[in-house]
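Asker: What would the 3D arrangement of this be:
(2 chains)
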Amino acid sequence: ILNVEQSPQSLHVQEGDSTNFTCSFPSSNFYALHWYRWETAKSPEALFVMTLNGDEKKKGRISATLNTKEGYSYLYIKGSQPEDSATYLCAFRMDSSYKLIFGSGTRLLVRP
Amino acid sequence: EAQVTQNPRYLITVTGKKLTVTCSQNMNHEYMSWYRQDPGLGLRQIYYSMNVEVTDKGDVPEGYKVSRKEKRNFPLILESPSPNQTSLYFCASSLLGYEQYFGPGTRLTVT
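Answerer: Model (predicted):
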């Protein structure tokens, strides 16, 4: 059974703090790692799709890194703002399948 | 406007009464997928489709059926719904290998 784990489960930070969280996935047969941002009462929105070991992606204050050999990805948010409050999901895809396996998410709350 | 639409958005039904949740996308995406979201469990994939007439099971396919007769549509069928299928359902689409675009969600309650 493939397992994708995210930590921490939830995180409360103050506005202006920088933060990061982790997605762990199987290190064998890697194909891609997705990150999504999911605000309450909305639908998940894509942040990044990462495919290469050592990949780094950036979108505004949010960035992500990927280590496929050890099976983890970090998502960083620099200078958190209240509008960054959301659940951040990662999803793993193996190279032999089009199936996507999601982690249970990290719920971020940024206090003003 | 590029979008994924789902209907209905909310549905309350009774055990055993067949229902279909429709999903449609206007982005010419090959890949479409259904997920359910339950508290504490994140998104779990039910079925996915790589193209017309090509579908495969996700992690939780029991009790569901799908079909992909046209590229834009990917309906989810519950032949005999049961209370454990009460959930929030999302449809998503993408180009193969790229980020997914999610529909607005369908909240289903089975009594």
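
Asker: Could you find the closest non-adjacent residue to A:Ser10?
Answerer: Leaving aside its sequence neighbours, A:Ser10 sits nearest to A:Arg107 (CB to CB, 6 or more residues apart in numbering or on different chains; 4.2 Å). All C-beta atoms are positioned from the backbone trio N, CA, C, and that covers glycine.

Asker: hey, C-alpha coordinates of stretch B:73-87 in PDB?
Answerer: The C-alpha trace of stretch B:73-87 is given here as PDB (Å, rounded to 0.1, in the frame of the first residue of the first chain):
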ATOM      1  CA  ASN B  73     -17.700  14.200 -19.900                       C
ATOM      2  CA  PHE B  74     -16.900  11.800 -17.100                       C
ATOM      3  CA  PRO B  75     -20.100  10.900 -15.100                       C
ATOM      4  CA  LEU B  76     -19.900   9.100 -11.700                       C
ATOM      5  CA  ILE B  77     -22.600   6.600 -11.200                       C
ATOM      6  CA  LEU B  78     -23.800   5.100  -7.900                       C
ATOM      7  CA  GLU B  79     -26.000   2.200  -8.700                       C
ATOM      8  CA  SER B  80     -27.100   1.500  -5.200                       C
ATOM      9  CA  PRO B  81     -25.900   4.300  -2.900                       C
ATOM     10  CA  SER B  82     -25.300   3.500   0.800                       C
ATOM     11  CA  PRO B  83     -24.800   5.800   3.800                       C
ATOM     12  CA  ASN B  84     -21.000   5.200   3.700                       C
ATOM     13  CA  GLN B  85     -21.000   7.000   0.400                       C
ATOM     14  CA  THR B  86     -22.000  10.200   2.100                       C
ATOM     15  CA  SER B  87     -19.100  12.500   1.200                       C
END
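
Asker: Buried residues in that stretch, which are they?
Answerer: For stretch B:73-87, a neighbour-count test (16 or more other CB atoms under 10 Å in any protein chain shown) marks B:74-76, B:78, B:81, B:85-87 as buried.

Asker: Would you pull up how far it lies from the middle of the chain?
Answerer: In terms of CA atoms, centre = their mean, to the nearest Å, the centre of stretch B:73-87 is found 9 Å from the chain centre.

Asker: what comes into contact with it?
Answerer: Identification of contacts with stretch B:73-87 by CB atoms under 8 Å, 6 or more residues apart in numbering or on different chains yields B:13, B:15-25, B:32-34, B:36-38, B:46-47, B:49, B:63-68, B:89, B:91, B:93, B:108-111.

Asker: ChimeraX command for the buried members of these?
Answerer: Entered in ChimeraX, the line below selects the buried ones among the contacts of stretch B:73-87, by 16+ other CB under 10 Å:
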select /B:13,19,21,23,24,25,32,33,34,36,37,46,47,49,64,66,67,68,89,91,93,108,110
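
Asker: Sitting in strands, which of the contacts of stretch B:73-87 do you find?
Answerer: Judged by DSSP state E, those include B:13, B:19-25, B:32-34, B:36-38, B:46-47, B:49, B:65-66, B:89, B:91, B:93, B:108-110 as members of strands.

Asker: returning to that earlier point: the contacts of stretch B:73-87: which ones sit near chain A?
Answerer: Checking the contacts of stretch B:73-87 against chain A by CB under 8 Å from any CB of the partner chain, the ones in range are B:Ser33.
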